[in-house]
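> Quick one, fold the following:
(chains A and B)
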Amino acid sequence: MKKRTMLVLAAVCLVAWVPSPVLAGDPRSIQIKGSDTMVNLVQAWVEGFMKENPDSFISVTGGGSGTGFAALISRTCDIAASSRDITAKEVEFAAKKGVRPKEFRVALDGLAVVVHPSNPVSRLTLDELAGIFTGRTTNWKEVGGRDSGIVVLSREVNSGTHVYFKEHVLRKQDPKSREEFSPEALLLSSSQAIADEVIQNPSAIGYFGMGYIGKNHAALSIAKDAASEAVGPTIDNVVSGRYPISRPLFMFTDAEPRREVRSFLDFALSAEGQAIVSQVDFVPVKK
Amino acid sequence: MPAWKKIREFVAEAAVKASGLASIFIVALIFYFLLREGIGLFQAYRLPDFLAGKNWYPISDPPEFGILPLIFGTLLVTLGAAAISVPLGVAAAIYIAEVAPSRLKEFLKSGVELLAAIPSVVLGFIGMVTVVPWIKTAFGVPTGLTALAGSVILAFMAMPTIVSIAEDAIHSVPKNYKEGAYALGATKWQTIYRVVIPAASSGIVAAVMLGIGRVVGETMAVMMVTGNSASMWRGILFPVRTLTATVAAEMGETVQGSEHYFALFAIGVALFLMTFVINMTADMVLHRKRK
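Numbers count the residues shown, from 1 in each chain, chains lettered A, B, ... in the order given. Purely as a prediction, here's the structure:
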């Protein structure tokens, strides 16, 4: 009899523990997750969109582009915001889970490389940048600055900015390149953390989307190679393609999005939505 | 005894028994889950490369999952924290148990307990704005986000555990030991370090081990102040990346079932084993004393 009571108790506990069914989503609610770079932009879109559609309920979370794709694949968000393209591996995983990611190009971004305002270095070539971030160049005097060590700041590996920077600056888009961020680089968890550390630290160098450039940062001008002219991360230079580290920003949905999600995407791509893009210091895809 | 009383007795007994077994059951489930997910990594990746690999590049192609720099990071931060918190904590315990007048004693005890109540993220935040800039200027290092900053913050987190358990151990030294020492003409200090501390030593060692166990598993505060760079041994004034911070920073990004996901669970297994060994040692030391 003792055993039976134990069983009954166990059964009661189990019944109590069965997770309540995942709350059925309100059709008007939209979950957006992903790129930290894009959080401010997406939020500005949401505010504009909700002015016209006060009934809709949209939540925006950051965490990094990889986080957004992971959520899209496990179906915990409707839109994944991403500052990089989806990888072949992610497409493969998505296919396994029956998710068909569909891409929307929604804006452009220039990646600013920033240093402390007191740093005499104001321009670098892509090669010099790669040298610094891979750890081959460790002193500012090697690139024409003061005699002091370089503190390299990078984003965590879940960041689309991290991946983009590695592929376009460190590896120069060469798929065979094995270049990596120096193991000595500090990995910080957000663009804001990098912005804060650069303000405090005269020997630091970091990178983030140009929307984060503050008045206490000095953004470097970047040259493709020693022979070409160095250009700064301005909207004009990104639109014209002269600034070497610029990239498209994406939103991904699962297959054909439902009506509410579609109307949000339409808003983002509308003239009004693209005007918001310029307001938060990114670059519109359409003029 | 009437039948309904018997039943009531029985139900109470069974409920208590079930709660007692539940915790063991849950630990076993957690370990099973960790192991099941962690083992997935080794279908494609060799165990020696995982334990002794010097590079942690989880999202490269092919990825490298060498956790040696992460183990170094955890050890460095832990040893630093122990070096700070053990002398301070044990001295505080001796003072509270043996020296302090009784009113001060109560005040100090509740103060130490209050220290335990501060959430780790708050300590991390305080560390970021106070300890980190201080280390940068005091030692003239390029960045204050270092292993030392992690050690200082973690020392604060280990202190309450060390102080309260060591104080208990010292307090429970039989009174006649001390009386014997005084009868032989020993001074108060001689009694403390020749009689009381040796008698309480196993309890003090257990207190230290449990404090260290807490330090090894701490995540949030460490992630905020250590800079998270997965570099090999460079010393306490350089940034490090700990096992816990790696799991916390990267878990959000991984896709379920990917190699990276399994690798993070494998780190979880490694951490579980580390804290398990530490806690077991503490437990064995404590039991040796009781015999």
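
> Please spell out the segments of the stretch 101-250 of chain A that come in under the pLDDT threshold.
Segments of the stretch 101-250 of chain A classed as low confidence (criterion: pLDDT under 70) are not present in this model.

> In contact with whichever residue of it sits closest to chain B, which residues?
Proximity of the stretch 101-250 of chain A to chain B (Cβ to the nearest Cβ) peaks at A:Asn158, 3.2 Å away. Bear in mind the C-beta positions are built from the backbone N, C-alpha and C, glycine included. A:Asn158 makes contact with A:Gly63, A:Gly64, A:Ser65, A:Gly66, A:Thr67, B:Ala249, B:Glu250, B:Gly252, B:Glu253, according to Cβ atoms under 8 Å, 6 or more residues apart in numbering or on different chains.

> Next, the contact list for the closest residue to the first one other than its chain neighbours, please.
Taking Cβ to Cβ, 6 or more residues apart in numbering or on different chains as the measure, A:Gly63 lies nearest to B:Gly252, with 5.1 Å between them; neighbours along the chain are not counted. Applying Cβ under 8 Å, 6+ apart, we find B:Gly252 in contact with A:Gly63, A:Gly64, A:Gly66, A:Thr67, A:Ala70, A:Asn158.

> Now do the closest residue in space to the fifth one that isn't next to it in sequence: how many residues are near it, please.
By that I understand A:Ala70. The shortest distance from A:Ala70 to any residue that is not its chain neighbour, by Cβ to Cβ, 6+ apart, is 5.1 Å, and that residue is B:Val255. The burial count assigned to B:Val255 is 22, neighbours taken as other Cβ atoms under 10 Å in any protein chain shown.

> My guess is B:Val255 contacts A:Ile73. True?
Yes - counting by Cβ atoms under 8 Å, B:Val255 touches A:Ile73, with 5.7 Å between them.

> so what sits against both of the two?
A:Glu90, A:Phe93.

> in the chain, which spans are helices?
Since you didn't name a chain, this refers to chain A. Taking DSSP state H as the test, the helices found in chain A are A:2-17, A:39-52, A:65-73, A:88-96, A:126-134, A:160-165, A:191-200, A:235-239, A:259-269, A:271-279.

> not what I meant, chain B
Along chain B, the stretches classed as helices by DSSP H are B:3-39, B:47-52, B:68-94, B:102-116, B:120-129, B:131-139, B:147-171, B:175-183, B:188-191, B:197-217, B:220-225, B:243-250, B:259-290.

> Leaving out chain neighbours, which residue sits closest to A:Met48?
One thing to correct before we go on: residue A:48 is Gly, not Met. Across the structure, with Cβ to Cβ, 6+ apart as the measure, the residue nearest A:Gly48 apart from its sequence neighbours is A:Ile276 (5.6 Å).

> and the stretch 101-250 of chain B, which residues reach chain A?
For the stretch 101-250 of chain B, the residues in contact with chain A under the definition Cβ under 8 Å from any Cβ of the partner chain are B:133, B:136, B:142-143, B:145, B:223, B:227-232, B:234, B:238-239, B:241, B:249-250.

> Using PDB, write down the CA coordinates of stretch B:146-154.
Once non-C-alpha atoms are left out, stretch B:146-154 reads as follows in PDB (Å, rounded to 0.1, in the frame of the first residue of the first chain):
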ATOM      1  CA  THR B 146      41.100  41.600 -15.800                       C
ATOM      2  CA  ALA B 147      41.200  38.300 -13.800                       C
ATOM      3  CA  LEU B 148      42.000  40.400 -10.700                       C
ATOM      4  CA  ALA B 149      38.800  42.300 -11.000                       C
ATOM      5  CA  GLY B 150      36.900  39.000 -11.100                       C
ATOM      6  CA  SER B 151      38.800  37.700  -8.100                       C
ATOM      7  CA  VAL B 152      38.100  40.800  -6.000                       C
ATOM      8  CA  ILE B 153      34.300  40.600  -6.800                       C
ATOM      9  CA  LEU B 154      34.200  36.900  -6.200                       C
END
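
> how far out from the middle of the chain is it?
Going by Cα atoms, centre = their mean, to the nearest Å, the spacing between the C-alpha centre of stretch B:146-154 and its chain's C-alpha centre is 14 Å.

> so for it, what's the average pLDDT?
For stretch B:146-154, the mean per-residue pLDDT is 93.

> what residue is smack in the middle of chain A?
A:Ser35 (3.5 Å; Cα atoms, centre = their mean).

> does that one really touch A:Gly68, like I thought?
Yes - in this structure, A:Ser35 sits in contact with A:Gly68. The criterion is Cβ under 8 Å, and the distance is 6.3 Å.
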